[in-house]
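Asker: sequence-free structure coming up:
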């Protein structure tokens, strides 16, 4: 590791959709950055060449050993088992990554005297439909093992903060979207719609299409994380969202207009493990740091679709040359 006065940051999941863009913001802000990622969903090409890269699973004892040896100033923990469906089918496997491996990182960070530990939690998974827009202080009713794990790590982080003084921050992201999101597997609805519309494939909308989500652009999420680390000593739980609901049918129409997509959607079954409505109140973060989302949904969708058109190389089929949005 180069010797200089630059602070050292560890980003787990730093080859992923959000993590790789956080890495770039940290580099710009003058940090040395080390990325740890097993590339199960991240991509090596997303890691900025100025960052050091270690291909490793966060469950490996080597990660804790590295933290204890290198003593980074900050740890940003974005690596996770990201599939809600996998967590439902294989709760133990989910817990091994999202609880036990995460707890190992927190413990190592605490023993190494890390000055800031930022955990990527899930506002969408933890939102309670009885309280909308959901505040950080509203009661939590996790519906899936994935959500249970996120909340468990929030509580462990609070314990380490109170017991050992680890400056632990939990950031509950709403539904994040934008460039670099993977449309395969269990992906965000926007990345799935973008890739399929550009290939002119028929899409399926599950349930009534009236389900709402709080879609927040990845650039705004990175800005939220950076706003927190700009405030030394700040700890606690913060929602990161827009406070605005967009239903899936409206989202479909907006994206179809941008891509000149003409097909009607097939109807699919409603997801019984997903809430009907989800929207976060992020006023706490705004009050403490001044952060607020800047990218409106129409602009964010346009940027996302342009990125997919330029960068997404599907395994089958050919990208339709639908350039009416340019």
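Answerer: Ah, there it is. Please read these numbers as outputs of a predicted model, since none were measured by experiment.
Asker: any low-confidence regions in this structure?
Answerer: Low-confidence segments of the chain (pLDDT under 70): 1-4, 185-187, 313-326.
Asker: and the strands in it, which stretches?
Answerer: Secondary structure of the chain (DSSP state E): strands located at 8-12, 32-37, 52-55, 74-77, 116-122, 168-173, 175-177, 204-206, 212-213, 215-217, 236-240, 246-247, 266-268.
Asker: among those, which comes closest to residue 142?
Answerer: Closest to residue 142 of these is strand 116-122 (Cβ to Cβ; 9.3 Å). Every residue, glycine included, has its C-beta placed from N, CA and C.
Asker: re the thing from before, let's have the strands of the chain in a markdown table, adding mean neighbour count and distance to residue 228.
Answerer: Below are the strands of the chain laid out as a markdown table (neighbours: other Cβ atoms under 10 Å; distance: least, Cβ to Cβ, whole Å):
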| stretch | mean neighbour count | distance to residue 228 |
| --- | --- | --- |
| strand 8-12 | 26 | 13 |
| strand 32-37 | 26 | 17 |
| strand 52-55 | 15 | 23 |
| strand 74-77 | 25 | 10 |
| strand 116-122 | 24 | 7 |
| strand 168-173 | 25 | 6 |
| strand 175-177 | 24 | 16 |
| strand 204-206 | 15 | 34 |
| strand 212-213 | 22 | 23 |
| strand 215-217 | 26 | 15 |
| strand 236-240 | 24 | 7 |
| strand 246-247 | 18 | 25 |
| strand 266-268 | 11 | 38 |
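Asker: possible to save the ones you listed as JSON lines with distance to residue 96?
Answerer: Formatted as JSON lines, these follow (distance: least, Cβ to Cβ, whole Å):
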{"stretch": "strand 8-12", "distance to residue 96": "15"}
{"stretch": "strand 32-37", "distance to residue 96": "17"}
{"stretch": "strand 52-55", "distance to residue 96": "19"}
{"stretch": "strand 74-77", "distance to residue 96": "15"}
{"stretch": "strand 116-122", "distance to residue 96": "17"}
{"stretch": "strand 168-173", "distance to residue 96": "20"}
{"stretch": "strand 175-177", "distance to residue 96": "24"}
{"stretch": "strand 204-206", "distance to residue 96": "29"}
{"stretch": "strand 212-213", "distance to residue 96": "28"}
{"stretch": "strand 215-217", "distance to residue 96": "29"}
{"stretch": "strand 236-240", "distance to residue 96": "24"}
{"stretch": "strand 246-247", "distance to residue 96": "34"}
{"stretch": "strand 266-268", "distance to residue 96": "31"}
